[in-house]
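In: Sharing a model prediction with you, sequence too.
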Amino acid sequence: LNDDHMTIVPGSKGITSKEKFCDMQMHIEWKTPDKLKGLSGQRWGNSGIFIQGRYELQVLDSYENPIYSNGQAGSIYKQAIPMVNASKPPKQWQSYDIIYRAPRFSESGKVEEKAIITVLHNGVLIQYNTEIQGPTRFRGKPAYTKAHGCAPIYLQEHNDKVSYRNIWVRKLDLADR
């Protein structure tokens, strides 16, 4: 820890929780470093929160950043665009409040119900009961290819010094839809 926060150092391979989670409520605060001259798009404070180690909620400096819509802060990366850009300028603390319902699988391993996420970014609703189409993929369509259980949360290292603080997670048992 660095004072009251932790910063993901480039080359560190990120941070993974020891505990595993399925349905959950999560609060996390994050801030991106100052913009560096000559860098743009995904090279402005890029990180991500991988729920169950596979579904990415994008962390990025999206303040006045002309980035593709499904890659901006608050997107389910390459899947779901946030309803609004609620980003603050770099070097300011931002927050995500997340309600997440894990996918449900049959005994044979086929997805029966996709994961669902609701996200508030700095108190603004940006994702509401958004269906996650499968694990995050950089290229190609996401798809549920195999069943999985509860898994750790992973804070991505993506060559930027993104800081995190005030992280708490509460396990939930959300009823089937």
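Out: That came through fine.

In: Tell me where the chain has strands.
Out: 6-7, 15-16, 24-31, 47-51, 55-59, 94-101, 104-105, 111-113, 116-121, 124-131, 154-155, 163-171 (DSSP state E).

In: Packed most tightly, which of those strands would that be?
Out: strand 55-59 (a mean of 25; mean count of other Cβ atoms under 10 Å). C-beta coordinates here come from the backbone N, C-alpha and C atoms, glycine included.

In: Identify the residues contacting that strand?
Out: Strand 55-59 has contacts (Cβ atoms under 8 Å, 6 or more residues apart in numbering) with 30, 32, 45-51, 71-77, 96, 98, 115, 117, 119, 132, 135-136, 156, 162.

In: any weak-confidence spans in this structure?
Out: 1-3, 35-44, 68, 176-177 (pLDDT under 70).

In: Next one: Lys91 from Gln25, what distance?
Out: 27 Å (Cβ to Cβ, to the nearest Å).

In: Centroid-nearest residue for this protein?
Out: Residue closest to the average C-alpha location in the chain (Cα atoms, centre = their mean): Leu57, at 2.1 Å.
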